[in-house]
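Peer 1: Sequence plus the predicted model coming up.
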Amino acid sequence: MSAQKQSRGEIAAVLLASRAAFASTALFSCLVNILMLTGPLFMLQVYDRVLTSGSVPTLVALTGIVMALYAYYGFLEYLRARILVRIGRRVEEKLRDRVFDSMAEHSLRRTQGIGGQPINDLATIRQFLSGQGPFAFLDMPWVPIYLLVIFLMHWVLGVAAVIAAVVIFILAVWSEKATRGPLAEANSAIVKSSIMTDESRRNSEALHSLGMRGAIRKKWSDMQQLALDHQTIANDVGGSLSAASRVLRLMVQSGILALGAYLALQHEISAGAVIAASIIMGRALAPVEQAVASWQQFLGFRKAIERLGIILASVPAVAHRMKLPAPSGKLEVENLIVQMAGTEKPVLHGITFSVEPGKGIGIIGPTGAGKSTLARALVGVMPITRGTVRLDGATHDQRDIDEAGKLIGYLPQDIQLFDGTAAQNIARFEVGADPTKIVQAAQLANVHDLIMRLPMGYDTPLGENGARLSAGQRQRVALARCLYGDPVLFVLDEPNSNLDAEGEAALDRAIRVSMERGASVVVIAHRPSALASIQQILVLSEGRTVALGPRDEILKRVLNRPTTGEARPAPPPAKPTLIQAH
């Protein structure tokens, strides 16, 4: 099976799950198109029977039948529209969790050019399935039948109708080829512009304070302009061909009427057949014209399926894992190697250490040593090239993602809060979270009093990324979130970077309490004050282990600094110094 077919498989499976609904829609479309012959046949009977016979009862009876058929037609149109809306809704409901997980996974992988595009593609698929576009394709098979009816009236009318349908179909194919390139360029530019928009929002302070707004706006505007230019080209081409299709349809309808009138004057068809042929011709060309008008939407729908299929295929669905026993907290790192995609040199080279439950290890080293990469690998958000990270013997992927996450307290260097209340952020948005546990985590992080001073206490919305809080306050709320649920493993990356003396005291107390209840703790820090409760130290340099041993001995021997105050790493020794912990 080709990669392209594999990429579409998951979406195709979801669409196939709605095959009964599609079949019902096709059946209703069949009835709708049959009922569309009501008008022409009525006109044929009025001109050929009623007017010639002068029978009012016949006119009344025909009118009553036609009104009933039109009412039934409207009911069927309503039903098939509702069914398509439900199909679009079902597709989104079935795929949205997978799409969200895939988007989040690619964000972890730092994949370029994706951003929020998967969500937009899912919306495009739903909107097309729920709109008028599918009707053109459902009605298209009836075009030959309508043409056959016209042939039955007179072969000259049938030939003229076929020629017109072929010309309009050629316009549709031309439209697809003419708009394919510009639409692809426009979509690519829109994705890049969307990513830049998100970056600008996240870094608004830097834009303003460093005088970067004009330069970034220029870059963003150029990207928007590029998308606009290509979109305009596609719209101009598509719009002109769509207008030409509509004009041609009107001309054909009138031409058929004129041709029919000529044949009627030659006594080859009746006057009713002239009107009926014109109406049927309009109906025969309507699906083709609708397809031309919806062609850009269809192209967007098709591209969205291709892009989304590739994204889903690149992140396989996570299989359900058997629930493992609750771990005690023993962390084992064996020959860990991490290499970024597209790079030749690993970021981490053969890192090996272990932390027993109730113990802690500090990770120090110069900037660029790989400390944050190690932290991300320990919590499972950085793909591991080789080696293992085990918690009580199990790797992170041997547990369900959410189950593994609840066992870990992670405080990243880049604090990320969500648009929700203080309580929701601390409780990790757990549904039905225990308020007592929320308050306990806040108190342990020494942020309870701060939260109580907010306008609505724990129910205060913090805004996007905790916009209502200062950097230090965000770090303390994030520390409370890290402590929530009593995890068995803590990974703290620069946890005191924005803390004052009171915050550092709370941090040290939280580390001590966590280790006392049996959790293992990994602390990455430049300031040794965050390592006061840690038993051993691992020193990194250029992704390699330089030293490993008891805290005080390492800080004195490797850093050549007192055990308190700012740490200034010394140049790494010629050979690694490994001091085994007692």
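Peer 2: Arrived safely, thanks for sending. Residues are numbered from 1 along each chain as shown.

Peer 1: Contacts for stretch 191-205 next, please.
Peer 2: Under the criterion Cβ atoms under 8 Å, 6 or more residues apart in numbering, residues 113-117, 120, 207, 216, 219-220, 223-224, 227, 465 lie in contact with stretch 191-205. Where C-beta positions appear, they are placed from N, C-alpha and C, glycine not excepted.

Peer 1: In it, which residues are buried?
Peer 2: Buried residues in stretch 191-205, counting neighbours by 16 or more other Cβ atoms under 10 Å, are found at 191-196, 200.

Peer 1: Which single one of the residues you listed is nearest to Y47?
Peer 2: The shortest approach to Y47 among the buried residues of stretch 191-205 belongs to V191, at 57.6 Å (Cβ to Cβ).

Peer 1: quick one: what helix or strand has that closest one in it?
Peer 2: Using DSSP states H and E, the element containing V191 is helix 155-202.

Peer 1: re earlier: among the contacts of stretch 191-205, which lie within strands?
Peer 2: Among those, no member falls in strands (criterion: DSSP state E).

Peer 1: are any of these buried, and which?
Peer 2: Among the contacts of stretch 191-205, the ones that count as buried by 16+ other Cβ under 10 Å are 114-115, 117, 120, 207, 220, 223-224, 227.

Peer 1: May I ask which two of those residues are separated the most?
Peer 2: Maximum pairwise distance in the buried ones among the contacts of stretch 191-205, criterion Cβ to Cβ, is 24.4 Å, between N120 and L207.

Peer 1: what's the span of stretch 538-547 from first residue to last?
Peer 2: End-to-end distance for stretch 538-547, by Cα to Cα, to the nearest Å: 6 Å.

Peer 1: and it, what's its mean pLDDT?
Peer 2: The average pLDDT for stretch 538-547 rounds to 88.

Peer 1: What of stretch 283-300?
Peer 2: Stretch 283-300 comes out with an average pLDDT of 78.

Peer 1: going forward, begin numbering at 36 instead of 1
Peer 2: Sure, I'll start numbering at 36, so the last one becomes stretch 318-335.

Peer 1: ok, E577 - how many residues close by?
Peer 2: The local packing of E577 (other Cβ atoms under 10 Å) involves 15 other residues.

Peer 1: swap in P322?
Peer 2: If you count neighbours by other Cβ under 10 Å, P322 ends up with 22.

Peer 1: Give me the distance between it and A171.
Peer 2: From P322 over to A171 the distance is 5 Å, taken as Cβ to Cβ, to the nearest Å.

Peer 1: Can you pull the residues that touch both of those two?
Peer 2: When Cβ under 8 Å, 6+ apart defines a contact, no residue borders P322 and A171 alike.

Peer 1: all helices of the stretch 436-585 of the chain, in order?
Peer 2: Ranges of helices in the stretch 436-585 of the chain, per DSSP state H, counting those that start in this stretch, are 436-441, 457-461, 470-479, 483-487, 506-518, 536-551.

Peer 1: From the contact counts, what lies against the fifth one?
Peer 2: This points to helix 506-518. Other helices and strands packing on helix 506-518, by 3 or more Cβ pairs under 8 Å, 6 or more residues apart in numbering; DSSP states H and E, are strand 443-446, helix 457-461, helix 470-479, helix 483-487, helix 536-551.

Peer 1: Can I get these in TSV including distance to V574, mean neighbour count and mean pLDDT?
Peer 2: Output for these, formatted as TSV (distance: least, Cβ to Cβ, whole Å; neighbours: other Cβ atoms under 10 Å; pLDDT from 0 to 100):
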stretch	distance to V574	mean neighbour count	mean pLDDT
strand 443-446	21	22	89
helix 457-461	33	25	91
helix 470-479	29	18	92
helix 483-487	35	17	91
helix 536-551	19	18	86
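
Peer 1: List just the one of the ones you listed that sits closest to A269.
Peer 2: Across the helices and strands packed on helix 506-518, A269 has its closest neighbour in helix 457-461 (43.0 Å, Cβ to Cβ).

Peer 1: Pull the closest one out as CSV, backbone CA atoms only.
Peer 2: Taking C-alpha atoms only, helix 457-461 is exported to CSV below (Å, rounded to 0.1, in the frame of the first residue of the first chain):
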residue,chain,number,x,y,z
ALA,A,457,-6.3,29.3,39.1
ALA,A,458,-7.9,26.1,40.5
GLN,A,459,-8.1,24.6,37.0
ASN,A,460,-4.5,25.3,36.2
ILE,A,461,-3.3,23.8,39.5
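
Peer 1: other SSEs contacting it?
Peer 2: So helix 457-461, by 3+ Cβ pairs under 8 Å, 6+ apart, packs with helix 470-479, helix 506-518.

Peer 1: Could you check the angle the longest one makes with helix 536-551?
Peer 2: If I follow you right, that is helix 506-518. Relative orientation of helix 506-518 versus helix 536-551 (axes from the mean of the first three to the mean of the last three Cα atoms, to 10 degrees): 10 degrees.

Peer 1: Buried residues, stretch 80-93. List them.
Peer 2: So for stretch 80-93, counting by 16+ other Cβ under 10 Å, buried means 80-83, 85.

Peer 1: and those residues as TSV, adding secondary structure?
Peer 2: Below are these laid out as TSV (DSSP: H, G, I helix; E, B strand; the rest coil):
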residue	secondary structure
Q80	helix
V81	helix
Y82	helix
D83	helix
V85	helix
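
Peer 1: where in the chain is pLDDT low?
Peer 2: Applying pLDDT under 70 to the chain flags the ranges 36-43, 145-148, 150, 237, 240, 244-245, 354, 377, 593-617.

Peer 1: Serialize the helices and strands packed on helix 506-518 to CSV and add fields for distance to A296.
Peer 2: Shown next, in CSV, are the helices and strands packed on helix 506-518 (distance: least, Cβ to Cβ, whole Å):
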stretch, distance to A296
strand 443-446, 81
helix 457-461, 74
helix 470-479, 82
helix 483-487, 84
helix 536-551, 91
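
Peer 1: Among those, which comes closest to A200?
Peer 2: Closest approach to A200 among these (Cβ to Cβ): helix 457-461, 59.0 Å.

Peer 1: which residues are contacting the closest one?
Peer 2: Residues outside helix 457-461 that contact it (Cβ under 8 Å, 6+ apart) are 452-453, 468, 470, 473, 476-477, 486, 489, 492-495, 497, 501, 512, 515-516, 519.

Peer 1: Can you flag the buried ones in those?
Peer 2: Among the contacts of helix 457-461, those buried by neighbour count (16+ other Cβ under 10 Å) are 452, 468, 473, 476-477, 486, 489, 493, 495, 497, 501, 512, 515-516, 519.

Peer 1: before we move on, the earlier item: in JSON lines: the helices of the stretch 436-585 of the chain, plus distance to V178.
Peer 2: Formatted as JSON lines, the helices of the stretch 436-585 of the chain follow (distance: least, Cβ to Cβ, whole Å):
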{"stretch": "helix 436-441", "distance to V178": "50"}
{"stretch": "helix 457-461", "distance to V178": "56"}
{"stretch": "helix 470-479", "distance to V178": "64"}
{"stretch": "helix 483-487", "distance to V178": "67"}
{"stretch": "helix 506-518", "distance to V178": "61"}
{"stretch": "helix 536-551", "distance to V178": "72"}
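
Peer 1: Out of those, the one nearest L114 is which?
Peer 2: In terms of Cβ to Cβ, the element of the helices of the stretch 436-585 of the chain nearest to L114 is helix 436-441, at 40.6 Å.

Peer 1: Run through who's touching the closest one.
Peer 2: For helix 436-441, contacts defined as Cβ under 8 Å, 6+ apart pick out 353, 356, 358, 415, 426, 431, 463, 520, 522.

Peer 1: Looking at the helices of the stretch 436-585 of the chain, spot the one closest to A221.
Peer 2: Of all these, helix 436-441 sits nearest to A221, with 35.5 Å by Cβ to Cβ.

Peer 1: Flag every buried residue along the closest one.
Peer 2: Residues of helix 436-441 classed as buried: 439-441 (neighbour count, 16+ other Cβ under 10 Å).

Peer 1: that older thread, which member of the buried residues of stretch 226-240 is positioned nearest V390?
Peer 2: The closest of the buried residues of stretch 226-240, once distances to V390 are taken by Cβ to Cβ, is I230, at 37.8 Å.
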